[in-house]
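J.: Give me a 3D structure for the following:
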Amino acid sequence: MIAEHGHTSRIGWQLPPFYCPFNEGLVHPKVAELEQRAVEWTDTFGIYPDAVERAWGLATHSADFSCRIIPYGDVEPLLLFIQWNYWANAVDDWQDSGSSTISTADITDHSVRLARAIEAPGSAMLPPGPLTAALDDLVTRTRAMLTPFQLRRFTEGARDWLFGAGWQAANAERGVMPSLNDFVAVGALANGTRFSLTWSDVANGIGLPPDVLYSPPVQAVTDAAGFIVSADNDLFSYNKDDDQEPWEQNLINVLAHHHSCSPREALPAAVALRDRVMTLFIRLRTQLARDADEQLGRYLDALGHYVAGSVEWQNLAPRYASPRNRNELPVEGASFGITYRDTPSDPSTEPLPLPALAWWWRQLEE
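T.: Predicted structure coming up:
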């Protein structure tokens with residue numbers, strides 16, 4: 001467990017047990033080698049301006065994240081994905097810094113330029129500097145490795161992340177805590193599910209045709225996985241962001257606002273909502289697997305790795321377990337010491353009373 005530092009946590013440090021019945025604790029066997037190569041890349045481009053920023057950048061454990069959600073597959077695509085994650089976390093930390101000097105206009109302008117730089121290399125949309133040079137390298141190698149369809153999907157994932165970040169910044173600037181329905185509809189975009197799953201497919205050689213990948217049932221099970229990962233991140237990252245004013249937009253704070261209660265009182269409701277979606281995810285994944293061909297079957301397996309691997313990674317990442325708002329430097333070996341449960345905290349199989357998500361349950365067969 002983590003000793004309390006600085007201000008007292010609103011929700012405490014002992015997270016409720018996680019319902020994730022398919023967790024196998026998998027990690028790619030080349031994780032140490034890949035981490036070393038990725039860190040050498042960050043140092044070559046100098047994406048961290050000093051030793052302190054470098055320490056916090058590496059505290060994301062981006063290699064561990066990538067190798068847990070993609071525990072099998074080719075090394076070179078996985079390495080490129082890890083490097084993208086180190087780079088994206090550096091950008092994300094700037095966007096989430098809470099600085100009053102960073103406005104929604106700043107983030108929107110930067111996001112448009114980032115998205116265009118991915119689509120059109122050499123377009124001179126970003127100012128020169130280490131992050132721009134690193135981005136140019138990433139884009140050049142990504143375009144050489146991915147097929148046009150994979151590249152389009154990856155770009156969509158990047159836009160999801162940037163679009164979600166801009167929406168949250170606009171809410172914070174206006175002092176607005178979004179409604180629960182609005183948050184579940186838009187908030188999960190910021191975790192970059194399609195951004196990550198593109199690399200899972202590339203590394204594993206999974207190639208679903210567009211009419212399967214974008215069919216309503218497959219999109220529903222994909223979005224449900226993304227929602228679970230986003231909800232889990234809101235649990236693990238809560239104490240990392242609880243010094244921000246206005247309060248961070250996450251599932252716990254949105255539910256606290258929705259129910260007019262404290263964050264600690266909202267925590268069980270957040271877990272229950274997450275577990276209800278987990279039950280839907282398991283049912284829909286099982287339904288799709290019954291008639292799935294080899295490619296769809298592997299895609300559904302990869303979604304499970306994405307969900308379970310994200311939990312295992314965040315439990316051990318110093319970024320969350322020894323957050324920057326309470327520590328001068330990350331504490332290696334810090335952990336939430338999470339536990340697992342065999343059943344959901346909310347056993348209901350009924351659709352959630354949220355119009356933005358109701359269509360997921362409509363994909364279930366009678």
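
J.: show me where the chain has strands.
T.: Using DSSP state E, the strands assigned to the chain run over residues 18-19, 340-341.

J.: With distance to residue 170 added, can I get those strands in TSV?
T.: Using the backbone N, CA and C atoms, a C-beta is placed for each residue, glycine as well. Below are the strands of the chain laid out as TSV (distance: least, CB to CB, whole Å):
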stretch	distance to residue 170
strand 18-19	32
strand 340-341	37
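
J.: Determine which of those approaches residue 102 most closely.
T.: Among the strands of the chain, the nearest to residue 102 by CB to CB is strand 18-19 (33.1 Å).

J.: So what's the gap between that closest one and the chain middle?
T.: Relative to its chain's centre, strand 18-19 lies at 17 Å (CA atoms, centre = their mean, to the nearest Å).

J.: same thing with stretch 52-65?
T.: Counting by CA atoms, centre = their mean, stretch 52-65 is centred 15 Å from the centre of its parent chain.

J.: Now do the end-to-end distance for it.
T.: Stretch 52-65 has an end-to-end distance of 21 Å (criterion: CA to CA, to the nearest Å).

J.: Likewise for stretch 348-355?
T.: 17 Å.

J.: Over to stretch 281-297?
T.: Using CA to CA, the end-to-end distance of stretch 281-297 comes to 15 Å.

J.: can you check stretch 22-33 too?
T.: 27 Å.

J.: Count the neighbours of residue 184 for me.
T.: Residues lying near residue 184 (other CB atoms under 10 Å) number 22.

J.: Show me what counts as buried in stretch 121-141.
T.: Neighbour-count burial for stretch 121-141 flags 125-126, 130-132, 134-139 (criterion: 16 or more other CB atoms under 10 Å).

J.: Let me have the residues you listed in a markdown table, extended by pLDDT and distance to residue 47.
T.: What follows is the buried residues of stretch 121-141, written out as a markdown table (pLDDT from 0 to 100; distance: CB to CB, whole Å):
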| residue | pLDDT | distance to residue 47 |
| --- | --- | --- |
| 125 | 83 | 18 |
| 126 | 86 | 13 |
| 130 | 94 | 5 |
| 131 | 92 | 6 |
| 132 | 91 | 10 |
| 134 | 94 | 5 |
| 135 | 93 | 9 |
| 136 | 91 | 12 |
| 137 | 94 | 11 |
| 138 | 94 | 11 |
| 139 | 93 | 15 |
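
J.: and which of those is nearest residue 54?
T.: Minimum distance to residue 54 across those is 11.7 Å, recorded for residue 130 (CB to CB).

J.: Point out the ones among the buried residues of stretch 121-141 that are inside helices.
T.: Judged by DSSP state H, the subset of those located in helices is 130-132, 134-139.

J.: Distance to residue 184 for the residues you listed - can I get that in TSV?
T.: Shown next, in TSV, are these (distance: CB to CB, whole Å):
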residue	distance to residue 184
130	36
131	31
132	34
134	33
135	31
136	36
137	36
138	31
139	32
